[in-house]
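Trainee: curious how this folds, go ahead:
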Amino acid sequence: MSKTNGMDTCNKANGANNATGEAGNLEHFIPWRKAELIDRLCVQPGLTAAEQDGFRRFCTLLDATLHFEYLAQFENLKNAYAPFDPDADTLTLNKLNFSERQTQLDVLFERFTWLLERANFRRLTQEDLQRALDSVSHHGLSLEVDFDFFERLEIYSRGEVMQTQRYRNWKRLYQMDEAQVPTFQRLALIFRLRAGRHNTRNFDTQDVFIKLFKDIPKPDLEMLLPGTRVKMSLKDRIKIVMPTVSGVAVSIYKALKGALLAAAAGIYGILVILGVTCGYGVKSFYGYLQTKQKYQLNLTESLYYQNLDNNAGVISRLLDEAEEQENREAVLAYYFLWRKLDVRGSTADELGWQNRAAQNTFPAGGFTAEELDRRIEQFLSECLGRPIDFEVDDALAKLIRMNLVRQVVGGRYIALSLAEALETLDRAWDNYFPYNAAA
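Mentor: Below is the predicted model of the structure:
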């Protein structure tokens, strides 16, 4: 992956945040609308008006083909989710027994994982989850997650950036402060609650819930999970207990020390001290309850705006995103193979993208996967202002399956001409509905 500062032909787009994930792991997600990507490729130097028109027609046919393939996946996912959809308003003619439901549950989770991978989400491991849960939140409350609450739970993320979060800093007398917080741009959850537990007896434990959120700070991940309990932190306990305990201790000390003084005055003094200290403890506890109530209000308000979709709507939305991602990858891979732009030794200190495109050099024998990957990643880096890990193997596999790209001797890849590619896609489309031939 080469990274360059050259921005001759591409404006910085969406470069405000660097979505590189943890420990420098780059994202596969290409944050570009399909139509804008095609427009950008068509205005690159060296393309004639006829070639631009042909390439746009190629993209239209490619889009239709991928959409048809994803329509079948959509039906499969809908059928897998139907027995577990809590929002369904249709009747079930063939009810599944317990064993069949468990098998169908496994199928649902397997296909949902496939969907999230196609949409370039990554599954959070137990270590990822624990790091997020161990992070310190700025809300002033400590939350505890009971994982026994779930029979099945999977969490997926896409896009990890640093965002500014405002909070009240107790070290600065609760004045407003700002902090850079690691944030998930997209977070998807799929879970089923465990039946037979005391704390789930009032919840739906038969269905499967799917949630999709945006812009969730890592330290606040636990707030999205049902069954999360607010627990009193050590700081809160100290604020409540210590003044009361110390006040009682001081009162006892004064009582013993002042035993020889006037009894009435001493008793009234002790009562005053006890009343003040106990009152301070009650005030501290009331302040904690107010903080808890305010947090829950903020949680309700934030989830109202950060929740993108629920249940079957998540499947529909993510399938659309997965289809778009597949399309962008295929379009980019075909374009660079078709144009045959020289990618050999493409580093930041050599000719920029615009100059190489203008030269329109044609290396013999096509490109290796590594050369193609390097060229596309450099193009994306220049245009988006941040590095992207392009999935070249996935893109090439799609194009080979559709007979638009061939692998030749030496492990190199070559693309069909536009005319051949259009004819191939048109023929494949006709063969999707072979009713006349069958007749």
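Trainee: isn't Lys398 up against Glu326?
Mentor: Yes. Lys398 is within contact range of Glu326, at 6.6 Å (criterion: C-beta atoms under 8 Å). The C-beta positions use only the backbone N, C-alpha and C, and glycine is treated the same way.
Trainee: and for Gln52, nearest residue in space, chain neighbours not counted?
Mentor: Cys42 (4.5 Å; C-beta to C-beta, 6 or more residues apart in numbering).
Trainee: list the contacts for the residue lying closest to Leu418 once chain neighbours are set aside?
Mentor: Using C-beta to C-beta, 6+ apart and skipping the chain neighbours, the partner closest in space to Leu418 is Gly54 (4.3 Å). The contact partners of Gly54, by C-beta atoms under 8 Å, 6 or more residues apart in numbering, come to Leu418, Ala419, Leu422.
Trainee: for Gly54, helix, strand, or coil?
Mentor: Secondary structure, DSSP: H, G, I helix; E, B strand; the rest coil: Gly54 is helix.
Trainee: look up how far Leu47 lies from it.
Mentor: 10 Å (C-beta to C-beta, to the nearest Å).
Trainee: hmm, back to that, whichever of the contacts of Gly54 end up buried, select them in ChimeraX.
Mentor: To isolate the buried members of those in ChimeraX, using 16 or more other C-beta atoms under 10 Å:
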select :418,422
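Trainee: between the contacts of Gly54, which is nearest Asp146?
Mentor: Taking C-beta to C-beta as the measure, Asp146 sits nearest to Leu422 out of the contacts of Gly54, at 57.1 Å.
Trainee: what is the burial count for the closest residue to that closest one other than its chain neighbours?
Mentor: In space, Leu422 comes closest to Phe58 once its chain neighbours are excluded; the distance is 5.8 Å by C-beta to C-beta, 6+ apart. Number of residues near Phe58 (other C-beta atoms under 10 Å) recorded here: 23.
Trainee: need the contact list for Phe58.
Mentor: By C-beta under 8 Å, 6+ apart, the residues touching Phe58 are Tyr334, Leu418, Ala421, Leu422, Leu425.
Trainee: would you check which pair of the residues you listed lies furthest apart?
Mentor: Greatest spatial distance in those: Tyr334 and Leu422, 11.6 Å, computed using C-beta to C-beta.
Trainee: strands of the stretch 51-200 of the chain, start to end?
Mentor: Assigned by DSSP state E, counting those that start in this stretch, the strands in the stretch 51-200 of the chain fall at 122-123, 142-144, 150-169, 175-193.
Trainee: let me have the ones you listed in JSON lines, extended by distance to Trp114 and mean pLDDT.
Mentor: Formatted as JSON lines, the strands of the stretch 51-200 of the chain follow (distance: least, C-beta to C-beta, whole Å; pLDDT from 0 to 100):
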{"stretch": "strand 122-123", "distance to Trp114": "12", "mean pLDDT": "93"}
{"stretch": "strand 142-144", "distance to Trp114": "32", "mean pLDDT": "70"}
{"stretch": "strand 150-169", "distance to Trp114": "12", "mean pLDDT": "84"}
{"stretch": "strand 175-193", "distance to Trp114": "12", "mean pLDDT": "87"}
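Trainee: mind checking these for the one nearest to Glu391?
Mentor: Here strand 122-123 is closest among the strands of the stretch 51-200 of the chain (C-beta to C-beta), at 12.2 Å.
Trainee: in this structure, which spans are helices?
Mentor: Using DSSP state H, the helices of the chain run over 34-42, 49-81, 98-118, 126-134, 234-257, 263-306, 312-339, 353-359, 369-384, 392-401, 418-431, 435-438.
Trainee: mean pLDDT lowest where, among these?
Mentor: Of all the helices of the chain, mean pLDDT reaches its minimum on helix 353-359 (a mean of 41).
Trainee: ok, for Ile400, nearest residue in space, not its chain neighbours?
Mentor: Leaving out its chain neighbours, the residue that sits closest to Ile400 by C-beta to C-beta, 6+ apart is Gln407, at 6.8 Å.
Trainee: these two touch, right, Asn199 and Thr228?
Mentor: No. With contacts counted by C-beta under 8 Å, Asn199 stays clear of Thr228, the gap being 11.2 Å.
Trainee: the two: who's more crowded?
Mentor: Thr228 (17 against 14).
Trainee: okay, the more buried one: pLDDT?
Mentor: Note for Thr228: predicted pLDDT of 75.
Trainee: do you know how far it is from Asp146?
Mentor: 8 Å.
Trainee: same thing with Val392?
Mentor: 43 Å.
Trainee: from Asp39, how far out is the residue lying closest to Tyr70 once chain neighbours are set aside?
Mentor: Distance criterion C-beta to C-beta, 6+ apart; nearest residue to Tyr70, sequence neighbours excluded, is Glu323 at 4.5 Å. From Glu323 across to Asp39, the span is 19 Å (C-beta to C-beta).
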